[in-house]
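Colleague: pasting a predicted model and its sequence here:
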Amino acid sequence: MPVINRFAELHDEIVAWRRDYHRHPELLYDVHRTAADVAKKLRAFGFDEVVEGIGRTGVVGVLKGESDPAEAGGRVIGLRADMDALPIREESGKPWASEIPGKMHACGHDGHTAMLLGAARYLSETRRFSGTAIFIFQPAEEGGAGGRAMVEDGLMDRFAIEEVYGMHNMPGLPLGHFALRPGPIMAATDMFSVEIDGLGGHAAQPHRTIDTIVAASAIVQAIQSIVSRNVDPLASAVVSVTTINAGSAFNVIPQRAKLTGTVRSLDALVRDQLERRLREVVQNVAAAYGATAHFTYTRSYPVTVNHAEQAEKAASVARDVAGELNVDASHAPVMGGEDFSFMLEARPGAFIFVGNGDTAGLHHPAYDFNDAAINHGSSYWARLVETLMPAA
């Protein structure tokens, strides 16, 4: 079964939705305009139930198939899209570029929302499935853990979701292609900060100081050995220092310095090892230079782990839509993070990538979701429901 023809007819309308969301980006949980529009559309499509305010500003739509869900064995499948944007100044130059300075859809969540709405429109017209499809529109994926907030707000139990599926666009993956894998597909994303205290003084008298700049530099160098010398070479890990702040004058050795960075891993034991070794290295290297270091480690999103059975189901549906040669079912893991991980911890499911073509990368100011991907993404969602919950 290839791309569904109905989406060619709906394409211009879905594109208009997507570009409207792109013009009006909203951050984190402050997605009131987008969420209200999503809820309005779901009601207009004739959904059986539309619930707002799940996970603060999330929207959930309930659509029942042509058969009584009880007669169909009560199957309930969840489909999730994210709605929030990023605090980035857009430089795409597109006519539908962001109208709000300093905010833009630099990760394609406008496209994710539009594709799932397209599938909602189609499935509400046809209802050629048994059971219940739950359409999940989530806020605050970009650092706010909206996925966790929806789960903690009772999403899975309230709507009796049995399996849950997510999708993200991927720049560089050709249009019409899909990619996924069983097991870890995206990394755990953690953060650390180091506050170094020394003894400030005149830069011409370094022997009377404890130089926090030198200590900070040594710490940056030392922690790079953690991945190369402590982590199993066959495992995956990233430790990156991303900010250094110290000093305010050319002739003053500062009293304090601060480092921050990110840590990525694909395994829970490696995650624990990285936290432990970072703390040890930071504190001991600081002490070697006579300084003290206050180390803070914050765990953010867990590893996004696809369940094997559901990953195979998703791959099979993607092959129906895109063809055997256009689906990579053993794609290498991505070291970016994704809070769909919280939903996959709560229920079995799978996360899949859809090709965005040769575009700017995610989180880049010139990025724009590729509207040519809409038909494939919406068809995948529709086929997933019709395949996993076939009509009686």
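Modeller: Sure thing, it's come through. Bear in mind the structure is a predicted one, so any value in this text is a computation, not a measurement.
Colleague: only C-alpha atoms from now on, for both contacts and neighbour counts.
Modeller: OK.
Colleague: show me what counts as buried in the lengthiest helix in the chain.
Modeller: With DSSP state H setting the assignment, residue counts place helix 268-288 as the longest helix in the chain. Buried positions in helix 268-288, judged by neighbour count with 16 or more other C-alpha atoms under 10 Å: 270-271, 274-275, 277-279, 281-286.
Colleague: check stretch 337-347 too.
Modeller: Here stretch 337-347 shows 337, 338, 339, 340, 341, 342, 343, 344, 345, 346, 347 as buried, counting by 16+ other C-alpha under 10 Å.
Colleague: among those residues, which ones are in helices?
Modeller: 340, 341, 342, 343, 344, 345, 346.
Colleague: need the pLDDT of residue 109.
Modeller: Residue 109 is assigned a pLDDT of 98 by the prediction.
Colleague: likewise for residue 157?
Modeller: For residue 157, the predicted pLDDT is 98.
Colleague: same check on residue 3?
Modeller: pLDDT at residue 3 comes out at 72.
Colleague: so who does residue 315 touch?
Modeller: Listed by C-alpha atoms under 8 Å, 6 or more residues apart in numbering, the contact set of residue 315 reads 180, 327, 329.
Colleague: where does pLDDT dip in this structure?
Modeller: By pLDDT under 70, the low-scoring segments of the chain are 1, 67-73.
Colleague: tell me the spacing between the most centrally placed residue in it and residue 65.
Modeller: Central residue of the chain (C-alpha atoms, centre = their mean): residue 338, 3.1 Å from the mean position. Remark: distance between residue 338 and residue 65 (C-alpha to C-alpha, to the nearest Å) = 30 Å.
Colleague: repeat that for residue 6.
Modeller: Taken as C-alpha to C-alpha, the span from residue 6 to residue 65 is 18 Å.
Colleague: these two: which is more packed in?
Modeller: With neighbours defined as other C-alpha atoms under 10 Å, residue 6 and residue 65 compare such that residue 65 has more, 23 against 13.
Colleague: who touches that one in this structure?
Modeller: Here residue 65 is in contact with 127, 128, 129, 130, 131, 132, 133, 391 (C-alpha under 8 Å, 6+ apart).
Colleague: got phi/psi on the first one?
Modeller: Residue 127 adopts backbone torsions of phi 50, psi 40, taken as degrees, to the nearest 10.
Colleague: go on, the fourth one?
Modeller: In this entry, residue 130 is assigned phi and psi values of phi -110, psi 160 (degrees, to the nearest 10).
Colleague: can you report how many residues lie near it?
Modeller: 27.
Colleague: just flag the most distant two among the ones in helices among the buried residues of stretch 337-347.
Modeller: For these, with distances taken as C-alpha to C-alpha, the pair at the greatest spread is 340 and 346 (10.0 Å).
Colleague: so what are the domain limits for this structure?
Modeller: Domain assignment for the chain, taken from automatic domain parsing, gives 5-184+303-388, 188-301.
Colleague: what's the closest residue to residue 318 other than its chain neighbours in contact with, if anything?
Modeller: The shortest distance from residue 318 to any non-neighbouring residue, by C-alpha to C-alpha, 6 or more residues apart in numbering, is to residue 380 (6.1 Å). By C-alpha under 8 Å, 6+ apart, the contact list for residue 380 reads 3, 317, 318, 321.
Colleague: then residue 241?
Modeller: Residue 241 neighbours (C-alpha under 8 Å, 6+ apart): 220, 259, 260, 261, 262.
Colleague: try 6 Å this time
Modeller: Taking C-alpha atoms under 6 Å, 6 or more residues apart in numbering as the criterion, residue 241 is in contact with 260, 261.
Colleague: checking it next. Helix, strand or coil?
Modeller: What DSSP: H, G, I helix; E, B strand; the rest coil gives for residue 241 is strand.
Colleague: please name the bridge partners of it.
Modeller: Counting by DSSP bridges, residue 241 forms beta bridges with residue 261.
Colleague: quick check: it vs residue 260, distance?
Modeller: Residue 241 is 6 Å from residue 260, by C-alpha to C-alpha.
Colleague: give me every residue that touches residue 127.
Modeller: 65, 66.
Colleague: isn't residue 256 up against residue 197?
Modeller: Yes: with contact defined as C-alpha atoms under 6 Å, residue 256 reaches residue 197; the gap is 4.8 Å.
Colleague: now the helices for the stretch 201-350 of the chain?
Modeller: 212-229, 268-288, 308-322, 340-346 (DSSP state H, counting those that start in this stretch).
Colleague: with distance to residue 252 added, can I get these in a markdown table?
Modeller: Output for those, formatted as a markdown table (distance: least, C-alpha to C-alpha, whole Å):
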| stretch | distance to residue 252 |
| --- | --- |
| helix 212-229 | 11 |
| helix 268-288 | 20 |
| helix 308-322 | 57 |
| helix 340-346 | 46 |
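Colleague: among the contacts of residue 315, which one lies nearest to residue 236?
Modeller: residue 180 (17.5 Å).
Colleague: burial count for the closest one?
Modeller: Based on other C-alpha under 10 Å, the number of other residues close to residue 180 is 26.
Colleague: for it, phi and psi?
Modeller: phi -170, psi -180.
Colleague: quick one: contacts for it?
Modeller: Going by C-alpha under 6 Å, 6+ apart, residue 180 touches 329, 331, 352.
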